[in-house]
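>>> Provided below are the primary sequence and the corresponding predicted coordinates.
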Number of protein chains: 2
Amino acid sequence: MTLTQLGAFVLVARLGSVKEAARALNVSEPAVSQALTALRQHLGDPLLVRGPGGMTLTEGGARLLPIASQMVVLGAEAEGAVRAALGAPETLRVVAVPALAEFVATPLLEAFAARSPRGVEGDAGVAAGREMAVLLHNRLADIALGPPLADDQGGLVGEPVFRARLIAVGTAPAPRPLWLVDPSGTDPSSETSRLLRRLKVPEDRVRVYPTQTAAWAAAADGDGLAVAIAHLVAPRVQRGELRVIGTPATPVEITWHATTLAPDRRPPLAGAFRRFLATAEALHIMRSPGSGVPPSRFRPPVYVTIWS
Amino acid sequence: MTLTQLGAFVLVARLGSVKEAARALNVSEPAVSQALTALRQHLGDPLLVRGPGGMTLTEGGARLLPIASQMVVLGAEAEGAVRAALGAPETLRVVAVPALAEFVATPLLEAFAARSPRGVEGDAGVAAGREMAVLLHNRLADIALGPPLADDQGGLVGEPVFRARLIAVGTAPAPRPLWLVDPSGTDPSSETSRLLRRLKVPEDRVRVYPTQTAAWAAAADGDGLAVAIAHLVAPRVQRGELRVIGTPATPVEITWHATTLAPDRRPPLAGAFRRFLATAEALHIMRSPGSGVPPSRFRPPVYVTIWS
DNA sequence: CGGCCGAATAAGGGAAGCCTTAACGTGGGG
DNA sequence: CCCCACGTTAAGGCTTCCCTTATTCGGCCG
């Protein structure tokens, strides 16, 4: 019984799927499945069985979950506690929806680290809206940037940090255009996805690009309409590369929120970052973060191995 | 960072010594030292340094201890919780002073298992008085049989379960005899050791045997005086193999206690065993447990690997 | 009934855990 | 001053983790 195995178990139980847990941990599916197998064998209980709507807990699994969950959290705390005593640079793990990760997460982290007296290291990861709450609860991330999070279990607090407008850009209006979106197009809880639903765009008229920048480039080539954050795409519109195309559902106002654990369970650094988000400097970065970071610099979804 | 490493750390911190922790875990000294080294390296803090009176915690170690301790306990609970849901036989880990381990622990466990409706497996281990409290707190044992335990941290409850008389036996009185004792002669908190101190027996007049039975045999050969539990050695006295030798400090009344965690944190099985100790059957076993178990059947000090 | 999706298994390899015995500091006490 | 007790390091061996890719199983939907 190792902490890694317990961590995998907790994540599968909370996300209801081996596949999603594997994605969240950034490992292959069999890696998670195997961790589960080892735990099952060790404890002599299936723990999780396939059920309608995902993996469901057995009696034994249900008893294990709260205990395992606590152990995982304590494991993260143990490292933090000792490092804090040591004055080592702390790490802040930020998880964000694709658009924020692409444009503002890294500049924000760099600015935050620069103004912080003690050393701070930052990691930015990408996650779907649904996973964010679980990642926070599991201490796999310290703060989540994106849509307001549904707070199933309680213990999360969120506040709006920035408002933006979602628009459609392309070269010309079209009766039945191809829609070019970033990965949040595959996340049902994202604003982009909601927009597509409101426009009744069928699946086969949607093409997903790894970044919003890539979708814009395709749109500029006349491949279709790209969904874009208005103030971020503005320079390209001014340069004439793209035109704003009106649709029945755009522009739409969206609000990004920052969500953390409740103050009493939240790492101090997460609180500091949250306060930083309210500063003029942070607002400026969100308004004009400079050019997008090239895709190759991105970490795979959720770069984190808390225990090792 | 593994649970094994954390367990070793906690035990060293609580016992103040690598050597004692190794004994309690029934592994070699370097095994513990190595676990510590790995943890130190992983966390980048010495955690424990040599100090006057044993290993003492660093700042970081002090922060880690409560967290690690909780993780270890949760690890034990995790296994218990799942097994309980499964109806698997529960295990009861008894730790006892040498005399009790030698004569009564195994018969008691067997009788308890026999009368228990659900399957019960028992393990008996030997420990010095000082270690017992730590073993209970660390969930390395469920119940301790021996002298009343000093309860540093609180959370332990003990009650007297049996009274016995400590006497000296041999073939003839001698002015300055060699004293033949079981391993509790090396445990300063034991009744045997206290008796030797009261008689002002110098170290070089004490010989330690692996069991009380072995000490009696040597005494019967005229090698010296053996310390014995009166009612257990009675048959040999009746057979004329040994004589009771009076001394200024014997006979001395001693009382064995059963100690567990407080009821709210105590495994149900430990409570059941404690109640069992009050039954007529248990009293009968303690009074005349039959012949001593041959030494070879003994487990090494504390047979337990909670995690594996 | 065929195709698909998600979970599980197989096979393999590199890293780490964890134990041992033997040898090596090092500080305190006779 | 030497020795002893105790912690640590060294070296070796075995097991387990833990990840990968490729393949198989099993339920579900059209």
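Noted; the coordinates are in hand. Residues are numbered from 1 along each chain as shown, chains lettered A, B, ... in the order given.
>>> going forward, measure contacts between C-alpha atoms and count neighbours the same way
OK.
>>> next SSE after the longest helix belonging to chain A?
Ranked by residue count, the top helix of chain A under DSSP state H comes out as helix A:59-86. For helix A:59-86, the following helix or strand on the C-terminal side (DSSP states H and E) is strand A:90-96.
>>> who does that following strand touch, helix- and strand-wise?
With contacts taken as 3 or more Cα pairs under 8 Å, 6 or more residues apart in numbering or on different chains; DSSP states H and E, strand A:90-96 sits against helix A:59-86, strand A:120-126, strand A:143-146, helix A:268-276.
>>> of all those, which one is nearest DNA strand C?
Evaluated with Cα to the nearest atom of the strand, those place helix A:59-86 nearest to DNA strand C, the distance being 12.5 Å.
>>> which elements pack onto that closest one?
Other elements packing on helix A:59-86 under the criterion 3+ Cα pairs under 8 Å, 6+ apart are helix A:3-15, strand A:90-96, helix B:29-43, helix B:59-86.
>>> still on that earlier bit, mind listing what's buried in the longest helix of chain A?
Residues of helix A:59-86 classed as buried under the neighbour-count rule (16 or more other Cα atoms under 10 Å in any protein chain shown) are A:59-65, A:67-83, A:85.
>>> between it and helix A:29-43, how big is the angle?
Relative orientation of helix A:59-86 and helix A:29-43, computed by axes from the mean of the first three to the mean of the last three Cα atoms, to 10 degrees: 110 degrees.
>>> so how far is helix A:59-86 off the chain centroid?
22 Å (Cα atoms, centre = their mean, to the nearest Å).
>>> before we move on, what about stretch A:186-198?
Centre-to-centre, stretch A:186-198 and its host chain are 15 Å apart (Cα atoms, centre = their mean).
>>> do the same with stretch A:179-193
With Cα atoms, centre = their mean as the basis, stretch A:179-193 stands 13 Å off its chain's centre.
>>> give the rounded mean pLDDT of it.
Averaging pLDDT along stretch A:179-193 yields 82.
>>> mind checking the end-to-end distance for it?
Chord length of stretch A:179-193, first to last residue, is 11 Å (Cα to Cα, to the nearest Å).
>>> wondering if that stretch reaches DNA strand C at all.
No. Counting by Cα under 7 Å from any atom of the strand, DNA strand C has no neighbours in stretch A:179-193; the shortest distance is 12.0 Å.
>>> hmm, who's touching that stretch?
Contact with stretch A:179-193 is made by A:97-99, A:128-130, A:147, A:194, A:205-212, A:215-216, A:218-219, A:224-227, A:254, as judged by Cα atoms under 8 Å, 6 or more residues apart in numbering or on different chains.
>>> how about the residue sitting furthest away from the middle of chain A: what's its closest non-neighbour residue?
Of all residues in chain A, A:Gly44 has its C-alpha farthest from the mean position, at 34.9 Å, by Cα atoms, centre = their mean. Among residues not flanking A:Gly44 along the chain, B:Arg83 sits closest, at 7.6 Å (Cα to Cα, 6 or more residues apart in numbering or on different chains).
>>> report the buried residues of the lengthiest strand in chain A.
Longest strand in chain A, counting residues (DSSP state E): strand A:156-170. For strand A:156-170, burial by neighbour count (16+ other Cα under 10 Å) applies to A:Leu156, A:Val157, A:Gly158, A:Glu159, A:Val161, A:Phe162, A:Ala164, A:Leu166, A:Ile167, A:Ala168, A:Val169, A:Gly170.
>>> near DNA strand C, which residues of the stretch 201-308 of chain A are found?
Contact residues (Cα under 7 Å from any atom of the strand) of the stretch 201-308 of chain A with DNA strand C: there are none.
>>> tell me how far the closest residue to A:Leu15 other than its chain neighbours lies from A:Val94.
With Cα to Cα, 6+ apart as the criterion, A:Leu15 has its nearest non-adjacent residue at 6.5 Å, and that residue is A:Ala21. Separation of A:Ala21 from A:Val94 (Cα to Cα) stands at 18 Å.
>>> same question, A:Val157
From A:Val157 across to A:Val94, the span is 15 Å (Cα to Cα).
>>> mark out where each domain of chain A begins and ends.
The record's domain parsing of chain A by automatic domain parsing lists A:3-84, A:89-162+A:254-287, A:164-253.
>>> check these for me: which has the lowest mean pLDDT.
domain A:89-162+A:254-287 (a mean of 81).
>>> do you know the pLDDT at A:Pro289?
Per-residue pLDDT puts A:Pro289 at 68.
>>> next one: A:Phe298
pLDDT for A:Phe298: 34.
>>> equivalent analysis for the one 5 residues further on, please.
At A:Tyr303 the predicted local distance difference test score is 28.
>>> would you map the helices across the stretch 101-250 of chain A?
Using DSSP state H, counting those that start in this stretch, the helices of the stretch 101-250 of chain A run over A:106-115, A:129-137, A:191-198, A:212-220, A:230-238.
>>> what about A:Glu203, how many residues nearby?
11 (other Cα atoms under 10 Å in any protein chain shown).
>>> residue contacts, it?
For A:Glu203, the contact set (Cα under 8 Å, 6+ apart) is empty.
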